[in-house]
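A.B. asks: need the 3D shape of this:
(chains A, B, C and D)
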There are 2 protein chains.
Amino acid sequence: MTDTPTATISPALIAEPGHSWATVRDALHARGQRWTPQRRLILDVLAAATGHVTGTEVVERCRAVDPEVTPSTVYRTLDVLEELGYLHHSHGAGGREEFHVLPAREHAHLQCERCGRSWEVTPDEAARLLDGLARDRGFRVHLGHLSIAGVCADCAG
Amino acid sequence: MTDTPTATISPALIAEPGHSWATVRDALHARGQRWTPQRRLILDVLAAATGHVTGTEVVERCRAVDPEVTPSTVYRTLDVLEELGYLHHSHGAGGREEFHVLPAREHAHLQCERCGRSWEVTPDEAARLLDGLARDRGFRVHLGHLSIAGVCADCAG
DNA sequence: TTTTGTGCAAAAGTTTTGCAGATAT
DNA sequence: ATATCTGCAAAACTTTTGCACAAAA
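C.D. replies: Have a look, this model is predicted:
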């Protein structure tokens, strides 16, 4: 991994600034915490991330917009947002943390080891496995933390 | 994670030196590669690891036996062994690489987020999920790379 | 004004790499 | 003899932490 392109980030990667983060802001305030420009930027980046992003990616995309933003701020904010429940993280193919904004329903990720693309796996699809593990072992799977690696249809040829 | 105990490693963690690694040695030779004391030690450590170990753990356990062994040697050997197919790695709760010697049949891991214990998930148990993904999406899951996080029966109370 | 957040810089932890010398074949 | 391995040291990379100053409430 020597290729860490500080490339220009496509505008599409940053959510439209008009997005209302009122709920998050209120949740922060309810805990005596602050609503800052940096936190809004980080949320914009997360919201624009289709599926998931690594910590490094969030840092890069934030810095592409505002070079003043530092890694420490990003990581600390990701922690806060996860505590608030607006964010989950799992571990992708490279073993790096992958964050995603909490969607309507929790889902797992399917990740192709060859092309790197990823898809969501809904609770329905995973139901049989989850139910089986719950029934046989009493194990409750944390679906949002589940990353399934393999080879996708296209790459299998 | 400031606690990296260089603690004495229980003898139980190292496989009996009598173990025959003839197959691995032959596979190495078949590729023009060398059979070295360091590689044998690393295999002993891996074989004694119940289920999985992180790269750091392999390093520590090797050094507990022979302090001369260096991280670079361990990581390079792990790569070689994985290329040969004697080893697989996945990513555990902390996102760190977890290696395990390739068992008779490939299996996934179930890992409790509270107590940290882990169990094997057999292909049978995961079959429904795997078959579903293969049928509906043409996605072939890499079972040995699958680490399922959640809460175990004991911790759920 | 008081507490929380930020940027900076430095550290921590894991894994990788370059290289000269050692070793397996 | 010769290509592969090893140990050492240093680097790469991601993530964390301490601290003084800035900013939010």
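
A.B. asks: list phi and psi for A:C152.
C.D. replies: phi -80, psi 170 (degrees, to the nearest 10).

A.B. asks: A:W35 too?
C.D. replies: Residue torsions, per degrees, to the nearest 10, at A:W35 are phi -100, psi 110.

A.B. asks: list the contacts for it?
C.D. replies: A:W35 makes contact with A:21, A:24-25, A:28-29, according to CB atoms under 8 Å, 6 or more residues apart in numbering or on different chains. Quick note: C-beta positions are derived from backbone N, CA and C, even for glycine.

A.B. asks: again, but for A:D154
C.D. replies: A:112, A:115.

A.B. asks: element containing the residue nearest the centre of chain A?
C.D. replies: Residue closest to the mean C-alpha point of chain A, counted by CA atoms, centre = their mean, is A:H100 at 1.8 Å. For A:H100, the host element (DSSP states H and E) is strand A:97-101.

A.B. asks: for the helix or strand following that strand, what does the pLDDT average out to?
C.D. replies: Tracing the chain C-terminally past strand A:97-101 and defining elements by DSSP H and E, one meets strand A:108-112 next. Strand A:108-112 shows a mean pLDDT of 77.

A.B. asks: pull the CA atoms of strand A:108-112 into CSV?
C.D. replies: The C-alpha trace of strand A:108-112 is given here as CSV (Å, rounded to 0.1, in the frame of the first residue of the first chain):
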residue,chain,number,x,y,z
ALA,A,108,-23.7,-6.7,6.3
HIS,A,109,-21.3,-6.2,3.5
LEU,A,110,-20.3,-8.4,0.7
GLN,A,111,-16.9,-7.6,-0.6
CYS,A,112,-15.2,-9.0,-3.7
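
A.B. asks: rewinding a little: for the residue nearest to the centre of chain A, what are its contacts?
C.D. replies: A:46, A:49, A:51-53, A:87-90, A:144.

A.B. asks: what subset of those is buried?
C.D. replies: A:46, A:49, A:52-53, A:87-90, A:144 (16 or more other CB atoms under 10 Å in any protein chain shown).

A.B. asks: thought A:R140 was touching B:A156?
C.D. replies: Yes: contact criterion CB atoms under 8 Å: A:R140 and B:A156 qualify, at 6.0 Å.

A.B. asks: the more surrounded of these two?
C.D. replies: Higher neighbour count among A:R140 and B:A156: A:R140, with 17 against 13, using other CB atoms under 10 Å in any protein chain shown.

A.B. asks: ok, the more buried one to A:E125 distance?
C.D. replies: For A:R140, the distance to A:E125 (CB to CB, to the nearest Å) stands at 17 Å.

A.B. asks: let's have the contacts of A:W35 in TSV, adding pLDDT and distance to DNA strand C.
C.D. replies: Shown next, in TSV, are those (pLDDT from 0 to 100; distance: CB to the nearest atom of the strand, whole Å):
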residue	pLDDT	distance to DNA strand C
A:W21	81	13
A:V24	88	12
A:R25	89	11
A:L28	91	6
A:H29	92	10
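
A.B. asks: give me the buried subset of the residues you listed.
C.D. replies: Buried among those (16+ other CB under 10 Å): A:21, A:24-25, A:28.
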